[in-house]
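S.K.: Dropping the sequence and predicted coords here.
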Amino acid sequence: MFLQEELLLVSDLVEYSISFTVDRKVPLTAFSGVFVYRLFLTLVSQVDSLLAEDLHGSRKFKPISCHPVYFDSRIIKRGTLFPNRVYSTKVLILSEDVNLKFARALLDTSFENIVLPACVVKVEKIGLRISSFRQILSEAEKTVFTRGFTIVFKTPCQLGKLTYRKTPIFRLFPDPYYVLRNLYNYWNAFTETPISEDFLKWVDENIHEEKFSLVTEPVYLGEGRVTVGFTGHCAYRVRDSGREYLKALAALLFFGEWVGVGKHRSIGMGRVECKLS
C-alpha cells in the first residue's frame, strides 16, 4: 500500500486502521490502549527518537488519539493476546510531521515486524481514513437537531476539572459543559478555524442531560498505576435553535467521534459514539 504525501499533507485528521498478529501470548497488565500507544511510540522512534520522546512528554494537547485493541469488533480491555489471532486497532494523528513519520515507519517493509518488549507484532493490513476541519464543518452545516443528542461512552472516560484545588483532579460524570469544553479546547488547539468562546456560554445555558446510564470502572495503566473512568450513555436536550451554535455543536460531536473525549486519549480512553435526535 502506498500513501501519497500530498494526500496526507492536506488532511488535518488521518486515522490508520491496523490489523496485526503477535508471535506469542501477551498478558495485558494494562488497558489495551496502552499496548497500542507503546506500539505507536515504537514506530515513531524508528524514524525520529526525539519526536517520540516529545510525544510521550507532558504535552497539554497531544496530536494523537489511540483506540484500544479489538478482536472481532469487540473491545479488549485487559486479558491476553494470543498468537494466530488477528487483532485490530486505530491511531488518529492531527500533526503533519508526526503523521508523515508514522506513515513512513508503518509502511516501510523493514519495519513489517515491530519488536516490543512483550512480543513481536506483525502488521497484516493497513487502512486509511482522512478528514479535515473544513470537511467536518461542512457536514455540520447540513445537520439538523430535532431534540438533542446522545453520547455513548464506549471506553472509560474521565473529564478534567475547572479547578485543581480539590482531589481527584477529574470528573466522572458527563456534564455537557465539561464534555463540550474538552472538545472545544482540543479543536481550537489544532485548527485554523477556531470556535468562538461564546459557544461555551451558550452550552452552559442551553444544553442539559435528560437521562443517563453510567458505571465507573478501573483503568489499569501498568507499573501498578490505576485510574478510573465511566462508560455507558447520556442523552442531552438542546433548548435553543441558534444556527451557528448548532453548527459548532454538531462539528464538535463529529470531531469527538474521531478523537475521543476527555483525558488520556492517547491510551484509548474516551472513545465515543454520538447519535443525534
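M.R.: Okay, I see it.
S.K.: How many residues are close by the residue nearest to residue 183 when sequence neighbours are not counted?
M.R.: Residue nearest to residue 183 in three dimensions, not counting chain neighbours: residue 252, with 4.2 Å by Cβ to Cβ, 6 or more residues apart in numbering. C-beta here means a position set from N, CA and C on the backbone, and glycine is covered the same way. Residue 252 has 24 neighbours, counted by other Cβ atoms under 10 Å.
S.K.: Same check on the one 3 residues further on?
M.R.: Residues contacting residue 255 under the criterion other Cβ under 10 Å number 25.
S.K.: How about the contacts made by the residue nearest to residue 170 when sequence neighbours are not counted?
M.R.: Among residues not flanking residue 170 along the chain, residue 158 sits closest, at 4.2 Å (Cβ to Cβ, 6+ apart). When contacts are counted by Cβ atoms under 8 Å, 6 or more residues apart in numbering, residue 158 touches 170-172, 227-230, 262-264, 269-270.
S.K.: quick one: contacts for the residue nearest to residue 183?
M.R.: So residue 252 contacts 180, 183-184, 187, 195 (Cβ under 8 Å, 6+ apart).
S.K.: Equivalent analysis for residue 219, please.
M.R.: 31, 156, 226-229, 264, 269 are the contacts of residue 219 under Cβ under 8 Å, 6+ apart.
S.K.: ok, now residue 182?
M.R.: Residue 182 sits next to 159-160, 261-262 when contact means Cβ under 8 Å, 6+ apart.
S.K.: any idea which element it lies in?
M.R.: Using DSSP states H and E, residue 182 maps to helix 176-190.
S.K.: Okay, and the beta partners of the residue nearest to residue 257 when sequence neighbours are not counted?
M.R.: Computed as Cβ to Cβ, 6+ apart, the closest residue to residue 257 that is not its neighbour in sequence is residue 274, at 5.6 Å. Beta-bridge partners for residue 274, by DSSP bridges, are residue 151.
S.K.: dump the residue contacts of residue 274.
M.R.: By Cβ under 8 Å, 6+ apart, the contact list for residue 274 reads 149-152, 253-254, 256-257.
S.K.: rerun that using 7 Å as the cut-off
M.R.: Neighbouring residues of residue 274 by Cβ atoms under 7 Å, 6 or more residues apart in numbering: 149, 151, 253, 256-257.
S.K.: How about residue 93?
M.R.: 14, 63-64, 99, 102 are the contacts of residue 93 under Cβ under 7 Å, 6+ apart.
S.K.: element containing the closest residue to it other than its chain neighbours, please.
M.R.: Among residues not flanking residue 93 along the chain, residue 99 sits closest, at 4.4 Å (Cβ to Cβ, 6+ apart). Assigned by DSSP H and E, residue 99 belongs to helix 96-107.
S.K.: What residues sit buried inside that helix?
M.R.: 96, 98-106 (16 or more other Cβ atoms under 10 Å).
S.K.: Report the lowest-confidence entry in the residues you listed.
M.R.: Within these, residue 106 has the lowest pLDDT, namely 81.
S.K.: which residues touch the nearest residue to it once chain neighbours are set aside?
M.R.: Excluding the flanking residues, the one nearest residue 106 by Cβ to Cβ, 6+ apart is residue 43, at 5.8 Å. Residues near residue 43 by Cβ under 7 Å, 6+ apart: 102, 105-106, 111, 114.
S.K.: quick one: the one helix or strand residue 43 maps to to helix 96-107, angle?
M.R.: With secondary structure defined by DSSP H and E, residue 43 is part of helix 32-47. Helix 32-47 and helix 96-107 are oriented at 90 degrees to each other (axes from the mean of the first three to the mean of the last three Cα atoms, to 10 degrees).
S.K.: I'd like the next helix or strand past helix 32-47.
M.R.: Scanning forward in sequence from helix 32-47 by DSSP H and E, the next helix or strand is helix 49-56.
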